[in-house]
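Colleague: Return atomic coordinates for the entry below.
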Amino acid sequence: MIKFPAITEELYTIRDWLRFAVSRFEESSIFFGHGTDNAYDEAVWLILSSLHLPHDTLDNFLDARLLPPERTRLKELIRRRITDRTPTAYLVNEAWLKGFKFYVDERVIVPRSFIAELLEDGLSPWIEYPEIVESAADICTGSGCLGVLLANAFPNAQIDVVDISPDALAVANINIHNYGLEDQISAIESDMFSNLQGKTYDLIISNPPYVDASSMEVLPQEYRNEPQIALGSGIAGLDHTHTLLREAKDHLNDNGLLVVEIGHNREVLLEAYPQLPFTWLEVDSGNEFVFLLTKEQLP
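Modeller: This next block holds a predicted model:
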């Protein structure tokens, strides 16, 4: 266990603690990737969130002195981030996705999805008018974050967020409640489509588990601290995607759309389904991570 030197007793202001945290993060081997990509941003997030301060107010509070209980808590959070490799999102019980704040804890993976970027403009041009979407589902929802973004993009839609984990759905319901969406979003415990008999949708999205077996073996500890059931998907990382492609057609209305995130599995997916006319959707990181198929294109 790391024992911070007695000098931490002389850290009084947010500026002091920010410098300390950045130095400790830089000298450690922690992995970034749950909302930040560098030690400075990680430290700002951890410090401001732990003090319940807005993230855009750092300059206003840099010289604010911390109370003794705040200093004790902050030292423990920094220690856990380094020693236990606990993601900051779990330490402060929050994660951000496209300007939306979500409650998270160890029952769900930390929200991250290319589909969130696509929902910012309502999947245009594939969906011309948001009001025409009256029903949607998010399969493998985890924290429910994409379900909330669906509700924002398609306010006329009744939305089901679906997950096999009752623990994950408990977190999803917290986020549904926090955004006052209980009348629009329903959380359903189901192994993919197994408990959705008779349900059909205009739009189905999914950011399913898609890490292949070899990658699972070398994940950084931060990712190993997430629910592994939400990451791995068989040897090739496609087990859940196979289910989506096999069963989604029965749950889509005519002209309905299926949108699926597959990470870095594009080549192996194309080898498995050479006959399918995948449309690859462009996001900031490229056009190989998310595909779209219409109901009529599905096998």
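Colleague: hang on, I205 in a strand?
Modeller: Yes: residue state for I205 (DSSP: H, G, I helix; E, B strand; the rest coil) corresponds to a strand.
Colleague: Report the central residue of the protein.
Modeller: P111 (1.5 Å; CA atoms, centre = their mean).
Colleague: give me every residue that touches the closest residue to that one other than its chain neighbours.
Modeller: Of all residues not flanking P111 in the chain, C145 sits nearest, at 4.1 Å (CB to CB, 6 or more residues apart in numbering). For glycine as for every other residue, the C-beta is placed from the backbone atoms N, C-alpha and C. The neighbours of C145, taking CB atoms under 8 Å, 6 or more residues apart in numbering as the test, are A95, L97, F100, F102, P111, S113, A116, N175.
Colleague: Show residues contacting whichever strand or helix holds the last one.
Modeller: This points to N175. Counting by DSSP states H and E, the element that carries N175 is helix 166-178. Outside of helix 166-178, the residues within contact range by CB under 8 Å, 6+ apart are 102-105, 107-108, 141-145, 147-148, 161, 163, 182, 185, 187-189, 227, 230.
Colleague: next one: stretch 31-40
Modeller: So stretch 31-40 is contacted by 21-22, 25-26, 42, 45, 85, 87-89, 95-96, 110, 112, 220-223 (CB under 8 Å, 6+ apart).
Colleague: repeat that for 6 Å
Modeller: With contact meaning CB atoms under 6 Å, 6 or more residues apart in numbering, stretch 31-40 is reached by V22, F25, E26, E42, P87, A89, V110, P220, E222.
Colleague: May I ask which of the residues you listed has the most neighbours?
Modeller: With neighbours defined as other CB atoms under 10 Å, the most crowded of those is A89; it has 28 neighbours.
Colleague: Next, it: phi, psi?
Modeller: Backbone torsions of A89, given as degrees, to the nearest 10, read phi -60, psi -40.
Colleague: per-residue pLDDT, it?
Modeller: We have a pLDDT of 97 for A89.
Colleague: any idea how far I164 is from E27?
Modeller: 40 Å (CB to CB, to the nearest Å).
Colleague: So which residues of the chain form helices?
Modeller: 14-27, 39-50, 58-61, 68-83, 88-92, 114-119, 145-153, 166-178, 213-216, 221-224, 239-247, 266-272 (DSSP state H).
Colleague: mind putting those in CSV, distance to E288 included?
Modeller: Converted to CSV, the helices of the chain look like this (distance: least, CB to CB, whole Å):
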stretch, distance to E288
helix 14-27, 31
helix 39-50, 26
helix 58-61, 36
helix 68-83, 32
helix 88-92, 26
helix 114-119, 10
helix 145-153, 20
helix 166-178, 27
helix 213-216, 16
helix 221-224, 21
helix 239-247, 14
helix 266-272, 4
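Colleague: closest one to E296 among those?
Modeller: Taking CB to CB, helix 239-247 is the member of the helices of the chain nearest to E296, at 13.8 Å.
Colleague: number of nearby residues for the nearest residue to H251 once chain neighbours are set aside?
Modeller: Nearest non-adjacent residue to H251, counting by CB to CB, 6+ apart: T200, 5.4 Å away. For T200, the tally of surrounding residues (other CB under 10 Å) stands at 15.
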